[in-house]
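>>> Coordinates for the following, if possible.
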Amino acid sequence: MPHPHHHDAHRRHADSSGQGARHIYIYSPSGAVRDKAAFKRGVARLKALGHDVEVDPDALASSQRFAGDDATRLAAIGRAATSGADVALISRGGYGITRLLPALPYKALAKAAERGTRFVGLSDFTALQCALLARTGATTWAGPALCADFGVEGAPDDIMEACFDDLLCGQGEGAGWRLPKECEGHAPVQVRKAVLWGGNLAVLAGLAGTPYLPDVRGGVLFLEDVNEHPYRIERMLTQLLLAGVLGRQKAILMGQFTGFAATPHDKGFGMRSVVEWLRARVKASVLTHLPFGHVPTKVLLPVGAKVSLVSEGRDALVVWEHAH
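Below you'll find the model as predicted:
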């Protein structure tokens, strides 16, 4: 299985796959695209890789902070669902999907996923992924966004790109990563045939108590966030804990929590404190350092698919079978 810390092996695997051109649909369901140069770079890069890139007519629309008003973004999501694309890739996250949840075209999205369209995104896209899973059971993919990942100046992250290549050619079967040193003495973890779900913690916490948060029992929940201080992370985790969500999981995978600044009165309180607090309150295995979040190096994860999770020493691996 590909390990993100094994750059060369994963890169060779993707390059030797014989993957041909794929139809990629770019749309903007959340925040307005502010960095037009990054958008153009991302489209150009995907085209340079040989893909047929179709850009939604309202991908660069703008209304207040959104990529068009609610009706405009709903229509864009509908077009993505009927595009017949191999991958429907968001331009960026931000905010805006939560307010659309009652009106999303769930049947069309589920049918598209069943036909093979992989809906890929992260951040605010977590709202659509969770709602679609709750309503239909359809699988989507937590992964890159066009602007931040493919539209960077210079070369995109090679691990992210290799994982995306694997998705396009149907070769992706799992992701492995290295746990921190303090995990060396931990008991091995084994979870079989559990639903993988999760995404952005703030978005997930905002869905608690609504019909749009999936009722996953015995699952593997992965979490990430950006620009949230550890005390805010702990508060959102507390919300999910008190709502009974965390207690129903077999494992919790903590991804990347970045973009915050420590303050003098933290006095040592940080993400490690939060993880220790969490481990003391749940029976689920809590593994950290999952390479996913608002960072360049990210794996792709099938939200709603059955997975197996194993860890031994500092090695962790999550694997899945034939997720669309």
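>>> Met38 in helix, strand or coil?
Check again: residue 38 is Ala, not Met. helix (DSSP: H, G, I helix; E, B strand; the rest coil).
>>> okay, now it: neighbour count?
21 (other Cβ atoms under 10 Å). For glycine as for every other residue, the C-beta is placed from the backbone atoms N, C-alpha and C.
>>> looking at it, it is touching Gly151, isn't it?
Yes: using Cβ atoms under 8 Å, Ala38 is in contact with Gly151, at 3.3 Å.
>>> Need phi/psi at Ala280.
The phi/psi pair for Ala280 (degrees, to the nearest 10) reads phi -80, psi -10.
>>> How many neighbouring residues does it have?
For Ala280, using other Cβ under 10 Å, the count is 8.
>>> wait, what's in contact with it?
By Cβ atoms under 8 Å, 6 or more residues apart in numbering, no residues touch Ala280.
>>> State the pLDDT value of it.
At Ala280, the pLDDT value in this model is 97.
>>> how close does it sit to Leu290?
Distance of Ala280 to Leu290, computed by Cβ to Cβ, to the nearest Å: 20 Å.
>>> So what pairs up with the residue nearest the centre of the chain in the strands?
Central residue of the chain (Cα atoms, centre = their mean): Ala142, 2.6 Å from the mean position. Ala142 has these beta-bridge partners by DSSP bridges: Gly121, Leu301.
>>> Report the contact partners of it.
For Ala142, the contacting residues are 120-122, 125-126, 129, 198-199, 222, 292, 300-303, by Cβ under 8 Å, 6+ apart.
>>> Looking at those residues, spot the one nearest Lys107.
Among the contacts of Ala142, Gln129 lies closest to Lys107 (Cβ to Cβ), at 16.3 Å.
>>> from what I can see that closest one touches Gly199, true?
Yes: contact criterion Cβ under 8 Å: Gln129 and Gly199 qualify, at 6.0 Å.
>>> Quickly list what's touching both of those two.
142, 303.
>>> At which residues are the helices of this structure located?
Using DSSP state H, the helices of the chain run over residues 7-15, 36-48, 70-81, 106-115, 126-136, 158-168, 201-207, 230-242, 271-279.
>>> In TSV, list these along with distance to Val286.
Listed next are those as TSV, based on distance: least, Cβ to Cβ, whole Å:
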stretch	distance to Val286
helix 7-15	26
helix 36-48	34
helix 70-81	34
helix 106-115	30
helix 126-136	20
helix 158-168	23
helix 201-207	14
helix 230-242	10
helix 271-279	5
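>>> Would you single out the least confident of the ones you listed?
helix 7-15 (a mean of 37).
>>> quick one: low-confidence parts of the stretch 201-324 of the chain?
322-324 (pLDDT under 70).
>>> show me where it has strands.
For the stretch 201-324 of the chain, the strands defined by DSSP state E, counting those that start in this stretch cover 219-226, 249-258, 285-287, 301-303, 306-312, 315-320.
>>> excluding its backbone neighbours, what's nearest Gly206?
Computed as Cβ to Cβ, 6 or more residues apart in numbering, the closest residue to Gly206 that is not its neighbour in sequence is Thr98, at 6.2 Å.
>>> check contacts around that neighbour.
124, 127, 203, 206-207.
>>> Model confidence score at it, please.
98.
>>> so how far is Leu246 from it?
21 Å.
>>> Quickly note the distance from the residue lying closest to Ser83 once chain neighbours are set aside to Val53.
Distance criterion Cβ to Cβ, 6+ apart; nearest residue to Ser83, sequence neighbours excluded, is Tyr25 at 4.2 Å. Note on Tyr25: its distance to Val53, by Cβ to Cβ, is 8 Å.
>>> beta partners for Ser308?
Assigned bridge partners for Ser308, using DSSP bridges, are Val319.
>>> what sits against the closest residue to Leu46 other than its chain neighbours?
Distances taken as Cβ to Cβ, 6+ apart put Val53 closest to Leu46, at 4.9 Å, once the chain neighbours are dropped. Taking Cβ under 8 Å, 6+ apart, we find Val53 in contact with 24, 26, 43, 46-47.
>>> Which of those are buried? Put it as a ChimeraX command.
Selection of buried members from the contacts of Val53 for ChimeraX, criterion 16 or more other Cβ atoms under 10 Å:
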select :24,26,43,46
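>>> the inter-axis angle of the top strand by length along the chain versus helix 126-136?
Ranked by residue count and defined by DSSP state E, the top strand of the chain is strand 189-200. Here strand 189-200 runs at an angle of 120 degrees relative to helix 126-136 (axes from the mean of the first three to the mean of the last three Cα atoms, to 10 degrees).
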